[in-house]
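Student: need a structure here:
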Amino acid sequence: NGAECRHCHLCPEGEIRNRRKNKVAAMKKAASQEQEMGMEQAMWMVQKQQEALIAASWQAQAHWEATATAIAAARAEEAAAFALSPMALDPHAAAAAAAMSSA
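Tutor: Next up, the predicted model:
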């Protein structure tokens, strides 16, 4: 009668022991399945974290490359503008402009 069993000794000999063994086996099987599911979930979580780290790394690399390209372009523009300015021809004017910008 399961939970309502009063151990009245009407069951055949060994029945309670067999039921107890079956119950323990079922509980072990359920725990094993839960552990396996927990392991699968943990592996899935690690995989997702690795994917996120790789994506962040790629994004950082792309950002760094874009920044480096922008800096190089700005420096090239400055060099071109300076080459066309009168300060490029007169060293005293360049020194005066540097002194004014630092003040």
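Student: so where's this structure uncertain?
Tutor: 1-2, 84-98, 101-103 (pLDDT under 70).
Student: the helices in it, which residues?
Tutor: Applying DSSP state H to the chain gives helices spanning 15-84, 91-102.
Student: make a markdown table from those helices and add distance to Cys5 and mean neighbour count to it.
Tutor: The C-beta positions use only the backbone N, C-alpha and C, and glycine is treated the same way. Output for the helices of the chain, formatted as a markdown table (distance: least, CB to CB, whole Å; neighbours: other CB atoms under 10 Å):
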| stretch | distance to Cys5 | mean neighbour count |
| --- | --- | --- |
| helix 15-84 | 8 | 10 |
| helix 91-102 | 95 | 10 |
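Student: give me phi/psi at Cys11?
Tutor: Here is the backbone geometry of Cys11 (degrees, to the nearest 10): phi -70, psi 150.
Student: how many neighbours does the spatially closest residue to it that is not a sequence neighbour have?
Tutor: Once flanking residues are discounted, Cys11 sits nearest to Cys5: 8.0 Å by CB to CB, 6 or more residues apart in numbering. Using other CB atoms under 10 Å, Cys5 has 12 neighbouring residues.
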